[in-house]
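Trainee: dropping the sequence and predicted coords here.
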Amino acid sequence: MASRMARIVHMGKLGGFAALLDGRMLELESCFLWPSASALSGAAQRAGIALSDLILDTRSTTEPAGMVAAVSAQFAAKPRPGGLRLAA
């Protein structure tokens, strides 16, 4: 049986990292957005999900480097109440 591998995506406008599997964002430990790729990798490893080594970077190539918003770990890793699914 082939194992599926999730992608790490650097969310340019948000400044955090997310994991995609089959085109859907993964919720790991009640979080969708992580402050660093290593924090996301650790959560995926604890969940038994394999991650790709490559990171898809969605930051704009036309904006100056200093324009990217910083992520506050306090807010980026804040779980949603009850871990409910997002509405479509």
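Mentor: Arrived safely.

Trainee: name the nearest residue to residue 55, ignoring sequence neighbours.
Mentor: Spatial nearest neighbour of residue 55, chain neighbours left out: residue 8 (4.7 Å); criterion: CB to CB, 6 or more residues apart in numbering. For every residue, glycine as well, the C-beta is placed using N, CA and C.

Trainee: number of nearby residues for that neighbour?
Mentor: 20 (other CB atoms under 10 Å).

Trainee: show me what contacts it?
Mentor: By CB atoms under 8 Å, 6 or more residues apart in numbering, the contact set of residue 8 is 17, 18, 19, 37, 40, 41, 51, 52, 54, 55, 56.

Trainee: residues touching the second one, list them.
Mentor: Spelled out, that is residue 18. Applying CB under 8 Å, 6+ apart, the residues contacting residue 18 are 8, 9, 11, 25, 26, 32, 33, 34, 40.

Trainee: go ahead and confirm the fourth one touches residue 19.
Mentor: By that I understand residue 25. Yes - with contacts counted by CB atoms under 8 Å, residue 25 reaches residue 19, the gap being 7.1 Å.

Trainee: the more surrounded of the two?
Mentor: A direct count of neighbours by other CB under 10 Å for residue 25 and residue 19 places residue 19 higher, at 25 against 15.

Trainee: just the pLDDT at the more buried one, thanks.
Mentor: pLDDT for residue 19: 93.

Trainee: and it, how far from residue 27?
Mentor: 9 Å (CB to CB, to the nearest Å).
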